[in-house]
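# Build me a model from this:
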Amino acid sequence: MKYKRNIVITGGAGFIGSHVVRLFVNKYPEYHIINIDKLTYAGNLANLIDIENKSNYKFVKMDICDIDAFYRLMQEEHVDGIIHLAAESHVDRSIKEPFTFVRTNVIGTLSLLQAAKLCWESQSEKYEGKRFYHISTDEVYGALEMTHPEGIDSPFTTVASSGTRHEAYGEDFFLETTKYNPHSPYSASKASSDHFVRAFHDTYGMPTIVTNCSNNYGPYQFPEKLIPLFINNICHRKPLPVYGKGENVRDWLYVEDHARAIDLIFHKGKVAETYNIGGFNEWKNIDIVKLIIKTVDRFLGRPEGADLDLITYVTDRPGHDVRYAIDSRKLQIELGWEPLLQFEEGIEKTVKWYLENEAWMDNVTSGDYQAYYDNMYKNR
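Down below sits the predicted model:
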């Protein structure tokens, strides 16, 4: 079958990637979606069981650092679009294993760029109809200060361009023009990869787009991240380790809202542009923890606040940024995107999903899924 487009999604077995793959496969039957993933600890094909037999979907186990393999794939599949999500993304791991993050996030991205350049430049139409879309993080910008005029105990209300009111812990937000100032090996590696993507446009004319997104949450997130980790720990009455006093602020976005933004930007975003994707939704970590406890306790039929005693304050992480907050007005004004889900509703859906998918959580936390897929693909 000849497809209208042949699109590679890297890291498609991971958290955000699996939601993007699912959206594209279901929404665009005229597209051929090729999911490439190395299937490291955070990549799990169980995230995509519902679409694995779709005729317009294909999975290829591949290391994005293998430039020769990716070049061959691009030629064989006539790839005209790349949505690059594959990355090492956990800050704590980056502090312990910085070289792993450089290899995947920097060398991996450069390998994809170079393979795409060589493949597309060898074609008569060259870059016409092509697109390299790189998904990054708000952490490349560094940190914002808490500037609430009455302190940081409670946020104040601001108004988005759409008229939507939201609460913020400061008057400053990350803009697309904000100077990069990464503070962790993770954010430094992502900043480097962003620069390479933009350099390939400026130097070779490659049609690239970069987006920087705030913290995502929702189903299928690997339980090293705060929300799924704490849901699981509450269920099993395990400690909830909170860095410092839990005063650090993050902007949260439901993963399906992010996937919708990626779809829109891939199709309608302007080449060489950067778009920030955020939820206009700032929360202190300790407030999120208390909301999760309240929600999980209610679903489990426990008395309200029964698990507050699980909160354990631990030594703060080195270089822990105080506040992140995204200004998404450019994306709203130019392309009409807005997040659809309010945080409290999103937490309800997220908690419910993890409680109803205990087998998935048990499989992931045990690591059994890795042995299963390693055996499945070892001779391929």
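
# all contacts plus neighbour counts: C-alpha atoms, from now on.
Will do.

# Show the pLDDT at Phe280.
Phe280 carries a pLDDT value of 89.

# and what of Val314?
For Val314, the predicted pLDDT is 97.

# Can you give me the neighbour number for it?
For Val314, the neighbour count with other CA atoms under 10 Å is 13.

# any low-confidence regions in the stretch 151-300 of the chain?
Applying pLDDT under 70 to the stretch 151-300 of the chain flags the ranges 151-166.

# Show the contacting residues for the closest residue to Lys54 other than its chain neighbours.
Residue nearest to Lys54 in three dimensions, not counting chain neighbours: Val25, with 7.7 Å by CA to CA, 6 or more residues apart in numbering. Under the criterion of CA atoms under 8 Å, 6 or more residues apart in numbering, the neighbours of Val25 are 31-33, 51, 54, 56-57.

# Quick one: the strands in the stretch 151-300 of the chain, in order.
Secondary structure of the stretch 151-300 of the chain (DSSP state E, counting those that start in this stretch): strands at 156-159, 165-168, 208-213, 215-217, 240-243, 249-254, 274-277, 282-284.

# strand partners of the helix or strand hosting Ile83, parallel vs antiparallel please.
Assigning secondary structure by DSSP states H and E places Ile83 in strand 81-84. Each strand paired with strand 81-84, and its direction, by DSSP bridges: strand 5-10 (parallel), strand 131-137 (parallel).

# Just among the contacts of Val25, which is most surrounded?
Within the contacts of Val25, neighbour counts (other CA under 10 Å) peak at Ile33, which reaches 28 neighbours.

# before we move on, what SS does that one have?
Look at Ile33: counting by DSSP: H, G, I helix; E, B strand; the rest coil, its state is strand.

# Could you work out the end-to-end span of stretch 114-129 for me?
Length of stretch 114-129, first residue to last, CA to CA, to the nearest Å: 18 Å.

# contacting residues around it?
The contact list for stretch 114-129, computed with CA under 8 Å, 6+ apart, reads 67-68, 70-71, 74-75, 80, 205-207.

# Leu85: neighbouring residues, count only.
Leu85 has 24 nearby residues by other CA under 10 Å.

# OK, contacts around it?
Contacts of Leu85 by CA under 8 Å, 6+ apart are 9-12, 16-17, 134-136.

# Now the strand holding Ile83: average pLDDT?
98.

# May I have that strand as PDB, with CA atoms only?
In PDB, the C-alpha atoms belonging to strand 81-84 read as follows (Å, rounded to 0.1, in the frame of the first residue of the first chain):
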ATOM      1  CA  GLY A  81       8.800  13.000   8.500                       C
ATOM      2  CA  ILE A  82      10.600  12.400  11.800                       C
ATOM      3  CA  ILE A  83       9.100  13.200  15.300                       C
ATOM      4  CA  HIS A  84      12.000  12.800  17.700                       C
END
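
# just checking, what packs against the next helix or strand after that strand?
Sequence-wise, the next helix or strand downstream of strand 81-84 (DSSP H and E) is helix 91-96. Counting by 3 or more CA pairs under 8 Å, 6 or more residues apart in numbering; DSSP states H and E, the packing neighbours recorded for helix 91-96 are helix 185-204.

# For the helix it packs on, which helices and strands make contact with it?
helix 91-96, helix 98-101, helix 108-121, strand 131-137, strand 208-213.

# Can you tell me which of those is nearest to Asp316?
For the helices and strands packed on helix 185-204, the distance to Asp316 is smallest for helix 91-96, at 11.1 Å, taking CA to CA.

# picking up where we left off before, out of the helices and strands packed on helix 185-204, which is closest to Ile231?
helix 91-96 (19.1 Å).

# Separate out the buried members of the contacts of Leu85.
Neighbour counting by 16 or more other CA atoms under 10 Å classes 9-12, 16-17, 134-136 among these as buried.

# nearest to Gly319, of those?
Nearest to Gly319 among these is Ser136, at 19.4 Å by CA to CA.

# my guess is the closest one meets Ile209, correct?
No. At 10.4 Å, Ser136 and Ile209 do not qualify as touching, with contact defined as CA atoms under 8 Å.

# count of residues packed around Tyr204?
Using other CA under 10 Å, the number of residues around Tyr204 comes to 12.
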